[in-house]
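Engineer: Fold the following for me, if possible:
(chains A and B)
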2 protein chains.
Amino acid sequence: MSARDRPLRVAVLGAGTVGREVVRGLLEPQGDLVDRAPGIELVGVAARDLGKAMASGIAESLLTDGPAHLVASPESDMIVELMGGDEPAHTLIAAALSAGKAVVTANKHVIAHYGPELEAIARRTGAALRFEAAVGGGIPVLGPLATDLAANRFTHVRGIVNGTTNFMLSAMHERNQGYAGALADAQAAGYAEADPTADVEGIDAANKLAILARLAFGAWLDPDSIERVGITGISAEDIGGAAGAGRVLKLVAQAQAQAQVDGGAAEIGAVVAPTAVPATGSLGRVGGGNNRIELEGEPIGRVAFEGPGAGGRATSSAVLADVLALARGAGSTWGVLKPAGGLVRPGAMDLATPTRYPSGARYPEVD
Amino acid sequence: MSARDRPLRVAVLGAGTVGREVVRGLLEPQGDLVDRAPGIELVGVAARDLGKAMASGIAESLLTDGPAHLVASPESDMIVELMGGDEPAHTLIAAALSAGKAVVTANKHVIAHYGPELEAIARRTGAALRFEAAVGGGIPVLGPLATDLAANRFTHVRGIVNGTTNFMLSAMHERNQGYAGALADAQAAGYAEADPTADVEGIDAANKLAILARLAFGAWLDPDSIERVGITGISAEDIGGAAGAGRVLKLVAQAQAQAQVDGGAAEIGAVVAPTAVPATGSLGRVGGGNNRIELEGEPIGRVAFEGPGAGGRATSSAVLADVLALARGAGSTWGVLKPAGGLVRPGAMDLATPTRYPSGARYPEVD
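Structural biologist: A predicted model of the protein is given here:
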């Protein structure tokens, strides 16, 4: 644990739902909770819409619409990237790490797609890269995987990792609603975007599965090669059919390692698909926007992590913890784990034959 | 993250169920999992019964029956205490920390009772003290609380933290068994000690609750002052009565912070008691020797950790992770949290009026 002599100067890129809460957390006095001399200093916030950012309570003196300036500035030691999406987030993160600046991000798309490149830069320059908030919102799972569970060999990872689709599927079950109505409600409640593709097609879940697999199995899976079925084809009939069998349909992400050979790249199967799970089982009980991630390995056996998988406040918990970890000298999220190489194409999962449901669709069943 | 120039020399005190698995883990080549140059070297194992330790596969050249010699030896950098109980464990841990040696322990009794003293020594000498395995067996919960969740203010902690009583209560529910039969079965299965007092009277659970409260609320609760009811009075009638109401009886440990004033010592309520929970709810579903710990705070909301709460192999996962964390320069389990003072007497919990069950006993109900 290295103690710094001067405050850690943090710049936040993005002032959306998560960014606003992180800025609020960084400005709050937390001295009664955390012993973090020499302190953290917020030096700038980049926002697309400066007026909106000011209206949300961020001081004008902190604001800029030029995120690249904050990355390049000699006045910043750490970059907190909360813009989301592909570019410019990817380039800004790579630039910060290349310049030896620590980076915290919640960006699952960038970590899943550019993980090998960013890990290589971070290891080369010695800059730390932390991304706990990229999976499971506020739930601690990546840090525990790489530190508290570092002595294990994992064989299985599975979970409900997308809050939007879980909110929709829960509503379809509880209110006997169809897909279109559930989507409209999720959009009205702020759970789904105007363009819901990344959530409902399982793209977001595949990105998160790839990140989980990096920490559990030691290899970066190509997220675009993960077998993936979305929830758009699920009918009210199917929901009813599942309920009749004591089951509920959930979007489940699963990966398994058949054997770990030299760095773990060998045989990893992965899939994201609507799956029929027992209604009162560990996954079936996860309601609303919650997430649950289950891990199986040796010597631990099975462990699970559960909680809010989205939302600005919950997600800010993970981002702020990463900032605090860096302030006390902790390294990257992969901790003591071995370096991973380039993107690996995953195989298929060894699923049982899917059961045919009333609409004619077939869903795998797991317990 | 500080890199060491020479191997970290580890001595293990205790070669029982957990000790044997930790020794096995330390001797196994883990290079394909973990990047941990400059390595960890096992320099000695103290065992009460040398013959039994040798029979379990530990090399005679490593063994000694003098744990104090391993603590005092200039050849050890880190002490892993797995003897359990009060003395000599407490004195050996204090001596190691006083000498500036890092300590890893699974000893909930010692951490709960001597926490303030050991924390003060560790902070004074700069030696790290880690005790992840003291709560929840292999489940990562203390590390996540102090690091991944460090930005939160917690208001509630509750959980099933004793595997023995959960094994017994699960059997009583599933097999409609009485207390005596369930105890005999748990003893035969190796889940309960010949003298089961610490488990069945809730003493073990109170120790674990005190340790959770230290990390969640910032104060060391006096474990002997925690309101505590054991499971010895639970009858088959009560189990049946609970089942009739869709509930199961679980030994639930709960603590809440009414207000956090200057270091968090202010108003902490705590209780360990048999509690009627919904059979299909988050706590009701936890079967066998498993544990589940739920936390509530801001900004995270609710998070939960679930998994094997006991057993040599599962517990060794937590002990080995603490050793790896120290090898890469991590500090004590309390991480960035503020120093806590002496033992604090907890108040009572604000529980709803307990419901009267068939035997006349009254059990609180929570959802």
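Engineer: use CA for all of it now, contacts and neighbours both
Structural biologist: OK.
Engineer: just the helices in chain A please.
Structural biologist: Using DSSP state H, the helices of chain A run over residues A:17-27, A:50-55, A:67-72, A:89-98, A:108-125, A:142-146, A:163-175, A:179-188, A:197-200, A:203-217, A:236-244, A:312-327.
Engineer: Indicate each strand paired with the helix or strand bottoming out on mean pLDDT in chain A and its parallel or antiparallel sense.
Structural biologist: Ranked by mean pLDDT, DSSP states H and E, the weakest helix or strand in chain A is strand A:355-356, scoring a mean of 88. Sheet partners assigned to strand A:355-356 using DSSP bridges are listed as strand A:362-363 (antiparallel).
Engineer: List the contacts of the partner strand.
Structural biologist: A:Pro274, A:Thr275, A:Ala276, A:Pro354, A:Thr355, A:Arg356, A:Tyr357 (Cα atoms under 8 Å, 6 or more residues apart in numbering or on different chains).
Engineer: I'd like the distance from it to the chain centre, please.
Structural biologist: 27 Å (Cα atoms, centre = their mean, to the nearest Å).
Engineer: what about that strand, average pLDDT?
Structural biologist: Here strand A:362-363 scores 91 as its mean pLDDT.
Engineer: same question, stretch A:285-300
Structural biologist: Stretch A:285-300 comes out at a mean pLDDT of 96.
Engineer: Phi and psi next, for the residue in the stretch 51-200 of chain A that chain B sits nearest to.
Structural biologist: Going by Cα to the nearest Cα, chain B is nearest to A:Asp148 of the stretch 51-200 of chain A, at 5.2 Å. Dihedral angles of A:Asp148 (phi, psi; degrees, to the nearest 10) stand at phi -70, psi -20.
Engineer: who's in contact with it?
Structural biologist: B:Pro140, B:Gly143, B:Ser317, B:Ala318, B:Ala321, B:Asp322.
Engineer: and what of A:Ala134?
Structural biologist: A:Ala134 touches A:Thr105, A:Ala106, A:Asn107, A:Lys108, A:Ile111, A:Lys208, counting by Cα under 8 Å, 6+ apart.
Engineer: at 10 Å instead, please
Structural biologist: By Cα atoms under 10 Å, 6 or more residues apart in numbering or on different chains, the contact set of A:Ala134 is A:104-112, A:142, A:207-208, A:211-212, A:309-310, A:315, A:318-319.
Engineer: what does the domain assignment say about chain A?
Structural biologist: Annotated domains of chain A cover A:8-130, A:150-309 [automatic domain parsing].
Engineer: So the longest one, near chain B or not?
Structural biologist: Yes - with Cα under 10 Å from any Cα of the partner chain as the threshold, domain A:150-309 lies in contact with chain B, specifically through A:150-153, A:216-218, A:260-264, A:279-282, A:285-286, A:290-309.
Engineer: out of those, which are buried?
Structural biologist: A:150-153, A:216-218, A:260, A:263-264, A:279-282, A:285-286, A:290-297, A:299-309 (16 or more other Cα atoms under 10 Å in any protein chain shown).
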